[in-house]
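Novice: Okay, here's the prediction I keep looking at, along with the sequence it came from:
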Amino acid sequence: MMENSTINSALPSLPGLVWRPITRNDLTALVDLASTCFLVDGGLHFMLEPENLTSNYFPDGLGIAVGAFAPDQSLVACATVHLGGDSGAERAIIVGQVRPDLRNKGIGTYLMHWSQEQAQTLLAAVTTNQWLLQVRTESLTASAHQQYLTHGFES
């Protein structure tokens, strides 16, 4: 079950965007955003299927998701952070995307900071000595790779 919490990072100053938690009720908008990103980025087509997006964005267990909606109510950016673990090691898993025409405007940086803040909060409740912060992507573009490296992630 996903939990909501306050969004603490400074929002990018892009007029018209409404930020709010996203839920399974936003699945159609999420499919539309993933499809738009797929047309530019490529990737694995089956990852656009509602079941796969649901398991990536709204898994059972502790987590949170946020999205930015345009005035036409379309989802233009989103991220989720949830816990998952095996054999004593917990991981905070980050998944996100930004509509291609809105990239390089600070949204991805905001979502990365927000995701890392949420991951720290989620991992603070974990009673294990080992944890990992992981970004999942089905299409690693050059700009996304650079974004991850800038924020301290390794390939």
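Specialist: Noted; the coordinates are in hand. Residues are numbered from 1 along each chain as shown.
Novice: Can you name the element that comes right after the helix or strand hosting residue 93?
Specialist: Following DSSP states H and E, the helix or strand that holds residue 93 is strand 89-98. Scanning forward in sequence from strand 89-98 by DSSP H and E, the next helix or strand is helix 107-124.
Novice: and the direction of that following helix versus that of strand 89-98, what angle?
Specialist: Angle between the axes of helix 107-124 and strand 89-98 is 160 degrees (criterion: axes from the mean of the first three to the mean of the last three CA atoms, to 10 degrees).
Novice: which of the residues in stretch 115-122 are buried?
Specialist: For stretch 115-122, burial by neighbour count (16 or more other CB atoms under 10 Å) applies to 115, 116, 118, 119, 121, 122. Where C-beta positions appear, they are placed from N, C-alpha and C, glycine not excepted.
Novice: cool, and stretch 90-102?
Specialist: Going by neighbour count (16+ other CB under 10 Å), the buried part of stretch 90-102 is 90, 91, 92, 93, 94, 95, 96, 97, 98, 99, 102.
Novice: Not counting sequence-adjacent ones, nearest residue to the last one?
Specialist: So the one you mean is residue 102. Nearest in space to residue 102, with sequence neighbours left out and distances taken as CB to CB, 6 or more residues apart in numbering, is residue 76 at 5.5 Å.
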